[in-house]
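>>> Just to be clear, the model below is a prediction. Sequence and coordinates:
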Amino acid sequence: MAETAAPASVTSTVEPAAPSGNKSSPEAPTTAPRPAEKPGKPETKRWADEEDDPPEEPEKKDDAPAPSNSDPEVNLAELKITENKFLDDPEDSNISAVTASDTPYTSASSFEDLNLSPDVLKGLYVEMQFKKPSKIQAITLPMILTPPYKDLIAQAHNGSGKTTCFVLGMLSRIDPNIKAPQALCICPTRELAIQNLEVLQKMGKYTGITAECAIPTDRTSSTSAQSRPPVSAQIVIGTPGTIKRLMSTKKIGVSRVKILVFDEADHMLAEDGFKDDSLRIMNDIKRYSSHCQVLLFSATFNEKVTNFVSKVIKGGGNQLFVKKEELSLEAVKQYKVYCPDELAKIDVIKSKIFELGEKLGQRIIFVRTKNSARMLHQQLVQDGYAVTTIQGALNAEDRDKIVKEFKDGLTQVLISTDLLARGFDQQQINCVVNYDLPIKYREGPRTRDPPEPDYEVYLHRIGRAGRFGRKGAVFNLICGDWDESTMSKIEQYFNSPVTEVENTEEAFEGALKAAGLL
DNA sequence: AAAAAAT
């Protein structure tokens, strides 16, 4: 395995150096100028403060043909794209962008093409150590940064560098003279908001632009809400409820907001997601700030959300989509393990994921409910396994601590609910376990019908491994007919085979080798 | 019945 430095030069895809220490290292590959530190600290602050160890999203392959939704027209961006393909682009994905007719865009082959400010460029090269735009960046950045600042819906693979797209968009639109919120980014979880802020702080280190998180604090402190001073930061990143509330209590002025980002946008606009809050925020802003640019990013947009989203963004926006069959990351091998009962599942976790997994990088185990998170945690700890667990019932402080320990590499195995299914960027994760398969929630009376898989969540979960084109393995624990049916539906949906692995040491070793992890 | 958040 040439698992080391990226095959020199070129761009997007990167085979990061093998796990060396834990530094949540930058995404960009090769070398970059390494000038001396300059004290250009951005006066950033945030609610639940800590320190910063920025994560981020890498650049890599992304995209593919787009389902044309509304006004198709221009279709550029293909030239540079084909150039890029000789890294390890799996399928040389053809990108087709559906753009509004009147604005031609040219894909950016370097960050210099984008008219970024010198301070931002320096952040990209020095802090992030980026070299060239990833594919999604090359295509969307011109769309985001070129007047007349059209709305954008952009889908791209997990770990392909979406965060950088909207962070650069936000940084570039700020008027330094105005000390008030001008960019808003809405995220589904506080963890993701914090992570995005950290990326932004790192990338914007030399700009002096101020940024702040607006996320729930532990509600014990009654100081949180009313007594809070108005938000003066130029960029605000937060969760929908808190943002909404700060807006309605006038703590966040809305009149100067000119760019509004929804990370994990499909979930933010889904019926069973944050649709109401998101629309409320969007409408409040548009009422006072009619020219506000709206950016929607996610790795998944199912048909239903896509239809809705296209209505929200309407005519003049740009759109990028990827076929679902091309969304699974090729570098991540998917496996299934048949388990006769719950005990067998726990045994797999212990004997394979922990003991055999010692040779691996960090691992994350997804469960369906908070309760099973607690139970599994208890079972493992009881037997002396080192594991930490995160789920929404923990208080903010504990959540932050668990995440930080994991990001710092102090813990190796993390149990999580779908709290961390989306967006969580930790490059040393090379193994994901679906202790429970993700299924859609059904209301109403019980049925005998097997549950519907939650395809989007599945894709997001497995995307926690294989960040930035790294290799990874996914183990789905299958217990019973329903699981079996769920699994096969998932395989069909993404048209990606999931290989059976026997519950033996040899079989797992073989699987890990085949995945390139041993 | 994950998540956010507040009634």
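That came in fine, so what should we check first? Computed from a predicted structure; not experimentally measured.

>>> can you map out the strands along the stretch 151-300 of chain A?
A:152-155, A:183-186, A:211-214, A:235-238, A:259-263, A:293-298 (DSSP state E, counting those that start in this stretch).

>>> confidence score at whichever residue of the stretch 151-300 of chain A sits closest to DNA strand B?
Residue of the stretch 151-300 of chain A nearest DNA strand B, by CB to the nearest atom of the strand: A:G241 (1.6 Å). Where C-beta positions appear, they are placed from N, C-alpha and C, glycine not excepted. Looking at A:G241, its pLDDT stands at 94.

>>> That one and A:D276, how far apart?
Using CB to CB, to the nearest Å, one gets 10 Å for the distance from A:G241 to A:D276.

>>> do A:V257 as well
As defined by CB to CB, A:V257 lies at a distance of 19 Å from A:D276.

>>> Give me the more crowded residue out of the two.
A:V257 (24 against 12; other CB atoms under 10 Å).

>>> need the residues of the stretch 101-250 of chain A near DNA strand B, please.
In this structure, the stretch 101-250 of chain A approaches DNA strand B at residues A:188-191, A:215-216, A:219, A:225, A:238-243, A:245, judged by CB under 7 Å from any atom of the strand.

>>> would you turn the strands of the stretch 151-300 of chain A into JSON lines with mean neighbour count?
Compiled in JSON lines, the strands of the stretch 151-300 of chain A are given as follows (neighbours: other CB atoms under 10 Å):
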{"stretch": "strand A:152-155", "mean neighbour count": "26"}
{"stretch": "strand A:183-186", "mean neighbour count": "28"}
{"stretch": "strand A:211-214", "mean neighbour count": "26"}
{"stretch": "strand A:235-238", "mean neighbour count": "28"}
{"stretch": "strand A:259-263", "mean neighbour count": "26"}
{"stretch": "strand A:293-298", "mean neighbour count": "25"}
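
>>> Nearest to A:G317, out of these?
The closest of the strands of the stretch 151-300 of chain A to A:G317 is strand A:152-155. By CB to CB, the value is 6.1 Å.

>>> Paired strands for that closest one, with orientation please.
Sheet partners assigned to strand A:152-155 using DSSP bridges are listed as strand A:293-298 (parallel), strand A:318-320 (parallel).

>>> Number of residues surrounding the residue nearest to the residue of the stretch 151-300 of chain A closest to DNA strand B when sequence neighbours are not counted?
Of all residues not flanking A:G241 in the chain, A:D277 sits nearest, at 6.3 Å (CB to CB, 6 or more residues apart in numbering). Residue neighbour count, defined by other CB under 10 Å, stands at 18 for A:D277.

>>> Contact partners for A:D277?
A:D277 makes contact with A:240-241, A:244, according to CB atoms under 8 Å, 6 or more residues apart in numbering.

>>> ok, A:V501 - contacts?
The neighbours of A:V501, taking CB under 8 Å, 6+ apart as the test, are A:335-337, A:475, A:507-508, A:510-511.

>>> are any of those buried, and which?
Neighbour-count burial (16 or more other CB atoms under 10 Å) is assigned, among the contacts of A:V501, to A:335-337, A:475, A:508, A:511.

>>> Out of those, which sit inside helices?
Of the positions in the buried ones among the contacts of A:V501, A:508, A:511 sit in helices, assigned by DSSP state H.

>>> DNA strand B: which of the buried ones among the contacts of A:V501 is nearest?
Taking CB to the nearest atom of the strand as the measure, A:F475 is the one of the buried ones among the contacts of A:V501 closest to DNA strand B, at 19.9 Å.

>>> Quick one: the buried ones among the contacts of A:V501 as a markdown table, columns for pLDDT and distance to DNA strand B too.
A markdown table is the format used below for those (pLDDT from 0 to 100; distance: CB to the nearest atom of the strand, whole Å):
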| residue | pLDDT | distance to DNA strand B |
| --- | --- | --- |
| A:Y335 | 97 | 23 |
| A:K336 | 97 | 22 |
| A:V337 | 97 | 23 |
| A:F475 | 97 | 20 |
| A:F508 | 97 | 28 |
| A:A511 | 97 | 28 |
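
>>> Would you reformat the buried ones among the contacts of A:V501 as JSON lines and include distance to A:L320?
Written out in JSON lines, the entries for the buried ones among the contacts of A:V501 read as follows (distance: CB to CB, whole Å):
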{"residue": "A:Y335", "distance to A:L320": "31"}
{"residue": "A:K336", "distance to A:L320": "32"}
{"residue": "A:V337", "distance to A:L320": "36"}
{"residue": "A:F475", "distance to A:L320": "31"}
{"residue": "A:F508", "distance to A:L320": "38"}
{"residue": "A:A511", "distance to A:L320": "34"}
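
>>> And the furthest pair within the buried ones among the contacts of A:V501?
Pairwise over those, using CB to CB, the maximum falls at A:K336 and A:F508, 12.4 Å.

>>> wait, isn't A:A154 in contact with A:V294?
No - because the distance of 11.5 Å does not satisfy CB atoms under 8 Å, A:A154 is recorded as not touching A:V294.

>>> what about the residue of the stretch 151-300 of chain A closest to DNA strand B, neighbour count?
Look at A:G241: counted by other CB under 10 Å, it has 13 neighbours.

>>> Get me the contact residues on the stretch 251-400 of chain A for DNA strand B.
In this structure, the stretch 251-400 of chain A approaches DNA strand B at residues A:267, A:272-274, A:277, A:368-371, A:391-393, judged by CB under 7 Å from any atom of the strand.

>>> Mind giving me the PyMOL command for buried ones among those residues?
Below is the selection syntax for PyMOL that covers the buried ones among these, with 16+ other CB under 10 Å defining burial:
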select buried, chain A and resi 267+273+274+277+368+370+391
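
>>> And the residues of the stretch 251-400 of chain A next to DNA strand B, which two are furthest apart?
Using CB to CB, the pair of these lying farthest apart is A:D277 and A:N371, separated by 26.2 Å.

>>> End to end on stretch A:255-267, go ahead and measure it.
Start and end residues of stretch A:255-267 are separated by 26 Å (CA to CA, to the nearest Å).
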